[in-house]
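A.B. asks: Sharing a model that was predicted from the sequence below.
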Amino acid sequence: MTPVLIEAHDLHLQFDQRTVLNNVSLAIRAAEIVTVIGPNGAGKTSLVKIILGLQKATSGTLARAKGLRIGYMPQKLHIDRSLPLSVHRFMQLALRDDQAIAGCLALTGISHLERAPVHALSGGETQRLLLARALLRSPNLLVLDEPVQGVDVAGQSRLYQLIADIRQQQQCAVLMVSHDLHLVMEATDTVICLNQHVCCHGHPETVSEHPAFLELFGHVAPTGIAVYTHHHDHSHNIHGEISARQSSAGACKEHSHA
Amino acid sequence: MPDFLYFALAAGCGVALCAGPLGCFAVWRRMAYFGDTLAHSALTGVAFGLILSVNINVAVTLLCLLLALLLVVLQNNRNIATDTLLGILSHSMLALGLVVVSVFGDGRVDLYAYLFGDLLAATSADLLAIYLTAAIILPILLWLWRPLLAITVDEDLARVEGVPVTLVRTSLMLLMALVIAVAMKVVGVLLITALLILPAATSRRLVTTPEQMAICASGLGMLAIVGGLAASWWLDTPAGPSAVLSASTFFALSLARRPAI
């Protein structure tokens, strides 16, 4: 049995009268890729912040494994243009080890930018820089909040591939937030579909067929762009094969989103 | 050159030395309004000093430190928009200071000197206060430099990496309060922010690293003081505002240059 790095139980988060998270439980095991997926306002970032210790849950328990080192990649980076900062200096803020810095920049494919100012980076390069910094302190858990934000579609799949490769190479667990499933599908072991509570969870193919998931996202077409708007008496699974609508999916509770 | 000019020069340079790096943080973290609020409140400190008959420098310093702490607490409370809060506090404190000083001052107080600075009247006691403050500010800045930069880049990232963010941020606010309290002597409460912001903004265009920017800002601040005193000596202009004007001139000149990074 692989060791559990993070175990959250019945997390509940409330701001004033607004419930952000309700009864959320999850576990992250060593070297496992877990993707949290959900619509805007589902509480994905709040959940990540609780796991990181940046936000306190209103109730519930969170256990972290001893010696857990987290590498965090925030949703975006805003550095005021008035701060002259090179990529190298940006990395040094996390760890002063030039050899490790060079290694992480090489791993994420931006070695050539080491002396460039951070303001000059494109969206994709910035994401790779954030990923490199998250890797710098050799974490055993990587937490990535919307890692492909601001990256074009071709770049997105390359970035997900990179994340999968890194997991393979470094044997670290990955907790990732995303709002589209089909791109992360191949790179993830477990999907948690979140809409304030955990709607369903399990293997990506199972989740993509689950009624709760379909209700939130509609059908995930293989291209990822088409939206399923008309009704058929059957549906397609992610490989495009016809499958029955009522396919039972994993250990999911029936519920509605009234 | 008469003695009082040496005193003025030493006092001004001491303040500019500290204002350089702190001004950089004010620019990077967009804290100009925060500086304004503290500076304006310094006048209320003067008023309280008069009422309670305590040393005015001590009263101003204590009030600035207290207000900085209060602002840290209020900023953690996300229900109030920070700029609105600062806008309200800043001008209310300035008005309160003006009213109290004119009621309790009995004409003993040269309001003009507090508002626009009284660099040429710097005494050895002022010098001692300024360099004592510098001896507190600079080592702490050096010691906290890396965490300060880290929280300036991204507070969440810094916190995950183990930086005690709240503590570091509070320290920065307190250091800012200290430099503002002593800078009041040099440029007065209305112009302190200029001494913080102008040299930092000017040096931005000349440098490629945060450290260079901080050192360059200190240097430019001292040059501005020299310029202000020179103008005051030969053209008989008020020293504090003249120093601010020379800093503005440097900034205008720096616009001709494209930033290197």
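C.D. replies: Looks like it came in fine.

A.B. asks: Tell me the first helix or strand C-terminal of the helix or strand that contains B:A59.
C.D. replies: Assigned by DSSP states H and E, B:A59 belongs to helix B:56-76. As assigned by DSSP H and E, the chain's next helix or strand after helix B:56-76 is helix B:82-104.

A.B. asks: now that next one against helix B:56-76, angle please.
C.D. replies: For helix B:82-104 against helix B:56-76, the angle by axes from the mean of the first three to the mean of the last three CA atoms, to 10 degrees is 150 degrees.

A.B. asks: Outside of helix B:82-104 itself, list whatever touches it.
C.D. replies: Taking contacts as CB atoms under 8 Å, 6 or more residues apart in numbering or on different chains, the residues outside helix B:82-104 that touch it are B:33-34, B:36-37, B:40-48, B:50-51, B:67, B:71, B:74-75, B:109, B:111, B:114, B:189. C-beta coordinates here come from the backbone N, C-alpha and C atoms, glycine included.

A.B. asks: Show me how far that helix is from its chain's centre.
C.D. replies: 17 Å (CA atoms, centre = their mean, to the nearest Å).

A.B. asks: And stretch B:247-261, by the same measure?
C.D. replies: With CA atoms, centre = their mean, you get 21 Å for stretch B:247-261.

A.B. asks: repeat for stretch A:127-138
C.D. replies: With CA atoms, centre = their mean, you get 15 Å for stretch A:127-138.

A.B. asks: quick one: contacts of that stretch?
C.D. replies: With CB under 8 Å, 6+ apart, stretch A:127-138 has contacts from A:69, A:71-74, A:77, A:87, A:90-91, A:94-95, A:97, A:100-101, A:104-105, A:107-110, A:113, A:118, A:121, A:142-144, A:147-151, A:159, A:162-163, A:166, A:170, B:157, B:161.

A.B. asks: and it, which residues are buried?
C.D. replies: A:Q127, A:R128, A:L129, A:L130, A:L131, A:A132, A:R133, A:A134, A:L135, A:L136, A:R137 (16 or more other CB atoms under 10 Å in any protein chain shown).

A.B. asks: mind listing which of the residues you listed are in helices?
C.D. replies: Within the buried residues of stretch A:127-138, residues falling in helices by DSSP state H are A:Q127, A:R128, A:L129, A:L130, A:L131, A:A132, A:R133, A:A134, A:L135, A:L136.

A.B. asks: Return the list of helices and strands in contact with the helix holding B:A59.
C.D. replies: Secondary-structure packing of helix B:56-76 (3 or more CB pairs under 8 Å, 6 or more residues apart in numbering or on different chains; DSSP states H and E): helix B:32-51, helix B:82-104, helix B:165-187.

A.B. asks: Mind putting these into CSV with mean pLDDT?
C.D. replies: Putting the helices and strands packed on helix B:56-76 into CSV (pLDDT from 0 to 100) gives the following:
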stretch, mean pLDDT
helix B:32-51, 88
helix B:82-104, 86
helix B:165-187, 92
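
A.B. asks: Same list, those helices, but as JSON lines with mean neighbour count please.
C.D. replies: Output for the helices and strands packed on helix B:56-76, formatted as JSON lines (neighbours: other CB atoms under 10 Å in any protein chain shown):
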{"stretch": "helix B:32-51", "mean neighbour count": "24"}
{"stretch": "helix B:82-104", "mean neighbour count": "16"}
{"stretch": "helix B:165-187", "mean neighbour count": "24"}
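
A.B. asks: For A:H210, which of those is the nearest?
C.D. replies: Ranking the helices and strands packed on helix B:56-76 by proximity to A:H210 (CB to CB) places helix B:165-187 first, at 39.4 Å.

A.B. asks: Contacts only, for A:V148.
C.D. replies: A:Q127, A:G155, A:Q156, A:L159, A:Y160, A:S178, A:L183.

A.B. asks: can we see that at 10 Å?
C.D. replies: Contacts for A:V148 (CB atoms under 10 Å, 6 or more residues apart in numbering or on different chains) come out as A:123-124, A:127, A:155-160, A:163, A:176, A:178-180, A:183-184.

A.B. asks: Not counting sequence-adjacent ones, nearest residue to the most centrally placed residue in chain B?
C.D. replies: The residue lying closest to the centre of chain B (CA atoms, centre = their mean) is B:I180, at 3.6 Å. Distances taken as CB to CB, 6 or more residues apart in numbering or on different chains place B:L38 nearest to B:I180, at 4.8 Å, with adjacent residues excluded.

A.B. asks: residues touching the one you found, list them.
C.D. replies: B:31, B:45, B:63-65, B:67-68, B:71, B:86, B:89-90, B:93, B:173, B:176-181, B:189, B:192-193.

A.B. asks: likewise B:S246?
C.D. replies: Taking CB under 10 Å, 6+ apart, one finds B:L198, B:L220, B:L223, B:A224, B:I225, B:V226, B:G227, B:G228, B:L229, B:A230, B:A231 in contact with B:S246.

A.B. asks: Would you verify that it is located in a helix?
C.D. replies: Yes. Assessed with DSSP: H, G, I helix; E, B strand; the rest coil, B:S246 lies in a helix.

A.B. asks: on that earlier part again, quick one, which of the contacts of B:S246 are buried?
C.D. replies: For the contacts of B:S246, buried by 16+ other CB under 10 Å: B:L198, B:L220, B:L223, B:A224, B:I225, B:V226, B:G227, B:G228, B:L229, B:A230, B:A231.

A.B. asks: could these be laid out in CSV, adding secondary structure, pLDDT and distance to chain A?
C.D. replies: Below are the buried ones among the contacts of B:S246 laid out as CSV (DSSP: H, G, I helix; E, B strand; the rest coil; pLDDT from 0 to 100; distance: CB to the nearest CB, whole Å):
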residue, secondary structure, pLDDT, distance to chain A
B:L198, helix, 95, 13
B:L220, helix, 96, 15
B:L223, helix, 96, 20
B:A224, helix, 95, 19
B:I225, helix, 95, 23
B:V226, helix, 95, 25
B:G227, helix, 95, 23
B:G228, helix, 94, 24
B:L229, helix, 94, 28
B:A230, helix, 95, 29
B:A231, helix, 94, 28
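
A.B. asks: Look up how far chain A lies from B:V182.
C.D. replies: 25 Å (CB to the nearest CB, to the nearest Å).

A.B. asks: Correct me if wrong: that residue contacts B:A135.
C.D. replies: No. Under the criterion of CB atoms under 10 Å, B:V182 is not in contact with B:A135, lying 11.6 Å apart.

A.B. asks: Can you pull the residues that touch both of the two?
C.D. replies: B:G14, B:C18.

A.B. asks: Distance to B:W145 and pLDDT for the ones in helices among the buried residues of stretch A:127-138 - can I get that in CSV?
C.D. replies: Below are these laid out as CSV (distance: CB to CB, whole Å; pLDDT from 0 to 100):
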residue, distance to B:W145, pLDDT
A:Q127, 28, 91
A:R128, 27, 92
A:L129, 22, 94
A:L130, 23, 94
A:L131, 26, 93
A:A132, 23, 94
A:R133, 19, 94
A:A134, 23, 94
A:L135, 24, 93
A:L136, 19, 93
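
A.B. asks: Can you give me the neighbour number for residue 81?
C.D. replies: Because you didn't say which chain, this covers chain A. Residues lying near A:R81 (other CB atoms under 10 Å in any protein chain shown) number 12.

A.B. asks: right idea, wrong chain: chain B
C.D. replies: 9.

A.B. asks: And it, what's its pLDDT?
C.D. replies: As predicted, B:A81 sits at a pLDDT of 71.
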